[in-house]
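1. coordinates only, no sequence provided:
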């Protein structure tokens, strides 16, 4: 089987948190939203339906685990999940914890405004907190 | 168990195509995009992770069935899937077939511009085609 390589755009925009059984877990470098991205480690997959049936279920289980953890950890008002990929063809699933005070509320975050990167200290703290909460090895 | 009732905003914006095992299938009344919405017929569910594990898997199976059918039927370039629900709290999963010539490409469709309703003849034709393709009884 061909090896999985993280798409360079995702590698540029995100910090790697670690791996679940199927997915690589990324933190998008936008300090305004708790925003995780799951990338199934399967090469050449663009759509969810292109995954094998067992992988689809694993992806949803991982999505629920990540989403529920993030909503509790950040006391979110609503979780937004999305698989878009119009620009980055590698299948990736966004998980964004929304709050009624975030810049884009109640609209979608995609295309709203440029990201605001984390400050180094805040980034280190957030990576540590999420890795511990999801039992990820970074 | 409390009965499921379709949220009035979804009932206003969409046409009902029929039911799969778990989900009600809706066509959004926007002729610019082939756009289906799956609504699990479970009361008081707002997030995917609030569904029972078996329902989660059924939802993903139905999402894949609907998404793959729509992508083939409309020769789509990319499928966009999203669970947002910031304004309509009832859990619903968008499936939008994107093309490089659609009005919002390559940006997200949500929040882009007001819907353009189907003309009656085109609507009837589309409902029939999708009901047949997904073996739905309308």
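-> Happy to help now that I have it. Since the structure is predicted, the reported quantities are computational estimates derived from the model, not experimental observations.
2. hey, let's count contacts and neighbours off CA atoms from now on
-> OK.
3. that's a helix at residue A:49, yeah?
-> Yes - when DSSP: H, G, I helix; E, B strand; the rest coil is applied, residue A:49 is found to be in a helix.
4. which ones are touching it?
-> Residues near residue A:49 by CA atoms under 8 Å, 6 or more residues apart in numbering or on different chains: A:56, B:64, B:65, B:67, B:68.
5. leaving out sequence neighbours, find the closest residue to residue A:67.
-> When the adjacent residues along the chain are set aside, residue A:67 lies closest to residue A:95, with 6.5 Å between them (CA to CA, 6 or more residues apart in numbering or on different chains).
6. tell me the SS of the one you found?
-> Taken by three-state DSSP, the conformation at residue A:95 corresponds to strand.
7. can you report how many residues neighbour it?
-> As a burial measure, the neighbour count of residue A:95 was computed by other CA atoms under 10 Å in any protein chain shown and equals 27.
8. remind me which residues of chain A are low pLDDT?
-> A:1-2, A:138 (pLDDT under 70).
9. and the strands in it?
-> Secondary structure of chain A, counting by DSSP state E: strands at A:14-19, A:23-28, A:35-40, A:78-83, A:93-98.
10. any chance of those strands in a markdown table, with distance to residue B:52 too?
-> Conversion of the strands of chain A to a markdown table gives the following (distance: least, CA to CA, whole Å):
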| stretch | distance to residue B:52 |
| --- | --- |
| strand A:14-19 | 25 |
| strand A:23-28 | 22 |
| strand A:35-40 | 21 |
| strand A:78-83 | 17 |
| strand A:93-98 | 19 |
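11. all helices for chain A, in order.
-> Using DSSP state H, the helices of chain A run over A:8-13, A:53-73, A:120-133.
12. mind checking how far the shortest one is from the chain centre?
-> Centroid displacement of helix A:8-13 relative to its chain, using CA atoms, centre = their mean, to the nearest Å, is 12 Å.
13. what is it packed up against?
-> Using 3 or more CA pairs under 8 Å, 6 or more residues apart in numbering or on different chains; DSSP states H and E, no helix or strand is in contact with helix A:8-13.
14. what parts of chain A come near chain B?
-> Of all the residues in chain A, those in contact range of chain B (CA under 8 Å from any CA of the partner chain) are A:47-49, A:56-57, A:60, A:64-65, A:67-68, A:78-87, A:105-108, A:110-111.
15. ChimeraX command to pick out the buried ones of those residues?
-> To isolate the buried subset of the residues of chain A next to chain B in ChimeraX, counting by 16 or more other CA atoms under 10 Å in any protein chain shown, use the following:
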select /A:47,48,49,56,57,60,64,67,68,78,79,80,81,82,83,84,85,86,106,107,108
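16. nice, that's everything, thank you.
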